[in-house]
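# Model the structure of this input:
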Amino acid sequence: MNEKIFVSYNRHDSEFALKLADDLVNQGINIWIDQRNISPGFRWDQELEKALSSSEVVLVILSPFSVASENVLDEVSFAIDAQKRIIPIIAKQCNIPLRLKRFQYIEFNLNYSGGLSRLIAELKKDAPLPPPAPEPDDGKHDDLDIDKKKKSKILKYILVGVFLIIAILIIWLLTNNQGQPGTEIKPYQPEQINVACNASPNKIPAGGETELRVKVYAEQGNPLANANVRIEMGGGRFSMGPGTRKGIVKF
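Sure, this is the predicted structure:
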């Protein structure tokens, strides 16, 4: 129990008070009592006041001596004003002070063991539950961890394999596309030309002249706009600039 419990008593009841304090400490209850908790050299009144202020519960040991003690009654008044939890303990038959009659008390004078059991139960019933015990290690958690690690490795291998397949496929596609025939423009070969003419050489009389229109084409049939043409037909010669031209040929 983590709550600090202050024991208020008269020195004539020291034997009973110390026995009760020891019995409660053996049950794991946090007890503060002056004869056990004030170290030599410390001021008694200051230490007592600090302990009373920081305690959540006050046990008041009642006897003919304590009910006549101003110190005990002062401690009771302080506890009431501070709204501490007060539990009167009847150590010996006596007249209970008026200010304590409203509090439920526990009788130790008739049966000490019975009173102690009831007090321990009262003090522990509001105590926080102990932490749960750790689960026994049966090896199942280790097996689960191993399975998770194996699955994680397998998943990594699968992902690496998928990436490798994708990379190989991309390289294969790039390699095969490089050798495919595309649209290729053949360079102009000046010696490979065709001539379209509007006159036939065998129809031109010797020593005569005729008007000749010539158009030069490359192999693919597109006009050679920038070609210079020289034509020889029989004994006549005809020179032309780029594109379609017309001129006089003499034979």
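# in the stretch 151-251 of the chain, which segments are predicted with low confidence?
Under the criterion pLDDT under 70, the flagged ranges of the stretch 151-251 of the chain are 177-251.
# average pLDDT for stretch 19-34?
If you average the pLDDT over stretch 19-34, you get 95.
# how long is it from one end to the other?
The stretch stretch 19-34 measures 13 Å between its terminal residues, going by C-alpha to C-alpha, to the nearest Å.
# Report the buried residues of it.
20-21, 23-24, 29, 31-34 (16 or more other C-beta atoms under 10 Å). For glycine as for every other residue, the C-beta is placed from the backbone atoms N, C-alpha and C.
# Repeat that for stretch 151-168.
In stretch 151-168, not a single residue counts as buried (criterion: 16+ other C-beta under 10 Å).
# for stretch 82-89, same thing?
84-89.
# List just the nearest of those residues to residue 112.
Nearest to residue 112, judged by C-beta to C-beta, of these is residue 89 at 10.6 Å.
# gap between that closest one and residue 48?
18 Å (C-beta to C-beta, to the nearest Å).
# any weak-confidence spans in the stretch 1-150 of the chain?
By pLDDT under 70, the low-scoring segments of the stretch 1-150 of the chain are 1, 126-146.
# For residue 25, which residues are in contact?
Taking C-beta atoms under 8 Å, 6 or more residues apart in numbering as the definition of contact, the neighbours of residue 25 are residue 31.
# doesn't it fall inside a strand?
No - following the definition DSSP: H, G, I helix; E, B strand; the rest coil, residue 25 is helix and is not counted among the residues of a strand.
# From residue 3, how far out is the residue nearest to residue 116 when sequence neighbours are not counted?
Closest residue to residue 116 in three dimensions, ignoring its sequence neighbours and counting by C-beta to C-beta, 6 or more residues apart in numbering: residue 23, at 5.8 Å. When distances are taken as C-beta to C-beta, residue 23 and residue 3 turn out to be 17 Å apart.
# From residue 36, how far out is residue 65?
Distance of residue 65 to residue 36, given as C-beta to C-beta: 20 Å.
# These two: who's more crowded?
Higher neighbour count among residue 65 and residue 36: residue 65, with 17 against 13, using other C-beta atoms under 10 Å.
# you'd agree the more buried one is up against residue 10?
Yes - in this structure residue 65 lies within contact range of residue 10 using C-beta atoms under 8 Å: 4.2 Å.
# Where does residue 7 sit: helix, strand or coil?
In terms of secondary structure, residue 7 is strand; the call rests on three-state DSSP.
# If it is in a bridge, with which residues?
Residue 7 has the following beta-bridge partners by DSSP bridges: residue 59.
# buried ones in stretch 92-103?
In stretch 92-103, the ones that count as buried by 16+ other C-beta under 10 Å are 92, 97, 100.
# and what of stretch 119-126?
Within stretch 119-126, the residues scored as buried using 16+ other C-beta under 10 Å are 119-120, 123.
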